[in-house]
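K.L.:
Let's see this in three dimensions:
(one chain, ligands or ions: 1)
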Amino acid sequence: MPKKRVTAVGSAALDTVETPHGRIEDALGGSVFFIGAAGGLFAPINIIAVVGDDFPMNEIDFLKQRNVNLDGLEVAAGTTFRWEGHYHQNMNIRDTISTELGVFEGFQPRLPEEAKKSDYLLLANIHPSLQLDVLEQMTEPYLVAFDTMDLWINSARDEVMEIIGKVDLVIINDEEISLLTGESSPILGAYEIIEMGPQYVVVKKGEHGAILITRGGSPFLCPAFPLANPKDPTGAGDTFAGAMMGYLAATDDVSPLNLRRALVYGTITASFVVEEFSLDRLKNLTIGEIEERFRQFRSMVEF
Ligand code: AMP
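P.N.:
Numbers count the residues shown, from 1 in each chain. Predicted coordinates for the structure are as follows:
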């Protein structure tokens, strides 16, 4: 049986990032590239996003060797979306220095026919009205996952709520969940989201790992893989979501146990991306390296 496909819509960007370990300018970024690079190691992925005519297309050549279909990557006249972020000494804290929308401002996602038929849909972080638009274009997705950010929770709350009522899996970080639900406990916040419709909620807690809450099931707690020298946390959340969805599509199994495994694969894959800036570590990452770290992780949490 051929593997199931993932369709992912999100941002395509050129990032300027400063961390205590260095600085990069106009480097490859945006949620869809982290998702494609990570998820494509597990299953075929269609990417839906927009870049400007200034975008260095050769930088994403490696994605074509990795099960990533770029037919849904539109090249529009104008400049690519640019984001600049600076991380504090404690890299859990970052400031957005600037956001230049460029061609992202007029983005109207148009899904290629093949993408519409995917069984797995990942609505990564973009304006919720675009996420809704993409969801409506899909034929009959089996599992729809949703990610967002504080900007949309603050500025487009009603649309965020509307879309949460239509998806199966919400992937959200601890700060966003308290902003959304008013709950300071991520577990209680996740149960509130379950009440809104979704079957599953994953709360990401950065270096403190992630929690999976399922309707009617018991919570699963997943620590982060301990790293000696993280350099740049940008894209860790997207890498996590991409690997998790890729693994679910590859196995085509959303049983409670397999969801837990998918969460661990997400955690492990994300632990690689932060070792280098931008997508540098993902470019040469292999499934063998992921499996090796998966085994190390398993022995660390076994008791
Ligand atoms: P993460 O570290 O997982 O939150 O994702 C970082 C990526 O999000 C960067 O590569 C940015 O280009 C992208 N990004 C930053 N701000 C936005 C935004 N307002 N909308 C969509 N993507 C964004």
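
K.L.:
Now do the contacts for residue 210.
P.N.:
Residues in contact with residue 210, defined by C-beta atoms under 8 Å, 6 or more residues apart in numbering, are 202, 203, 204, 222, 224, 240, 263, 266, 267. Every C-beta, even on glycine, is put in place using the N, C-alpha and C of the backbone.

K.L.:
Check the gap between it and residue 156 for me.
P.N.:
In this structure, residue 210 lies at 25 Å from residue 156, with C-beta to C-beta, to the nearest Å as the measure.

K.L.:
Confirm residue 96 sits in a strand?
P.N.:
Yes. Under DSSP: H, G, I helix; E, B strand; the rest coil, residue 96 falls within a strand.

K.L.:
thinking again about what came up before, when you check the ligand, which of the contacts of residue 210 turn up near it?
P.N.:
Taking C-beta under 6 Å from any ligand atom, there is no overlap between the contacts of residue 210 and the neighbourhood of the ligand.

K.L.:
Go through those and flag which are in strands.
P.N.:
202, 203, 204, 222 (DSSP state E).

K.L.:
which of those residues has the weakest pLDDT?
P.N.:
Per-residue confidence over those reaches its minimum at residue 204, where pLDDT is 94.

K.L.:
Surely that one is in contact with residue 172?
P.N.:
Yes. Counting by C-beta atoms under 8 Å, residue 204 sits close enough to residue 172 to count as a contact (7.1 Å).

K.L.:
buried stuff in stretch 75-95?
P.N.:
Residues of stretch 75-95 classed as buried by neighbour count (16 or more other C-beta atoms under 10 Å): 76, 78, 79, 80, 81, 82, 83, 84, 85, 87, 91, 94.

K.L.:
Just give the nearest non-adjacent residue to the first one, would you?
P.N.:
So the one you mean is residue 76. The shortest distance from residue 76 to any non-neighbouring residue, by C-beta to C-beta, 6 or more residues apart in numbering, is to residue 103 (4.2 Å).

K.L.:
Am I right that that neighbour is in contact with residue 51?
P.N.:
Yes. With contacts counted by C-beta under 8 Å, residue 103 reaches residue 51, the gap being 7.0 Å.

K.L.:
Find the residues that touch each one of the two.
P.N.:
Residues within reach of residue 103 and of residue 51 at once, by C-beta under 8 Å, 6+ apart, are 76, 80, 81.

K.L.:
Tell me who's in contact with residue 252.
P.N.:
Residue 252 sits in contact with 3, 4, 119, where contact means C-beta under 8 Å, 6+ apart.

K.L.:
picking up where we left off before, with secondary structure and distance to the ligand added, can I get the shared contacts of residue 103 and residue 51 in CSV?
P.N.:
As requested, those are arranged in CSV below (DSSP: H, G, I helix; E, B strand; the rest coil; distance: C-beta to the nearest ligand atom, whole Å):
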residue, secondary structure, distance to the ligand
76, strand, 16
80, coil, 10
81, strand, 7
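
K.L.:
nearest residue to the residue in the stretch 201-303 of the chain that the ligand sits nearest to other than its sequence neighbours?
P.N.:
Of the residues in the stretch 201-303 of the chain, the one nearest the ligand is residue 237, at a distance of 3.3 Å by C-beta to the nearest ligand atom. Nearest in space to residue 237, with sequence neighbours left out and distances taken as C-beta to C-beta, 6+ apart, is residue 204 at 5.7 Å.

K.L.:
mind listing the helices for this structure?
P.N.:
Read by DSSP state H, the chain holds these helices, from start to end of the chain: 31-39, 61-64, 113-116, 128-137, 150-155, 157-164, 174-181, 186-195, 236-251, 256-273, 280-283, 287-301.

K.L.:
Get me the contact residues on this protein for the ligand.
P.N.:
Where the chain comes near the ligand, counting by C-beta under 6 Å from any ligand atom, the residues are 11, 13, 15, 29-31, 83, 99, 125-126, 151, 234-238.

K.L.:
Just give me the closest of these to residue 218.
P.N.:
residue 237 (24.2 Å; C-beta to C-beta).

K.L.:
and the residue nearest to residue 237, what does it touch?
P.N.:
Going by C-beta under 8 Å, 6+ apart, residue 204 touches 171, 172, 173, 174, 210, 237, 240.

K.L.:
hey, what's it bridged with?
P.N.:
residue 173, residue 210 (DSSP bridges).

K.L.:
neighbours around the residue nearest to residue 81 when sequence neighbours are not counted, how many?
P.N.:
Beyond its immediate neighbours in the sequence, the residue positioned closest to residue 81 (C-beta to C-beta, 6+ apart) is residue 104, lying 4.0 Å away. Neighbour count for residue 104, taken as other C-beta atoms under 10 Å: 26.
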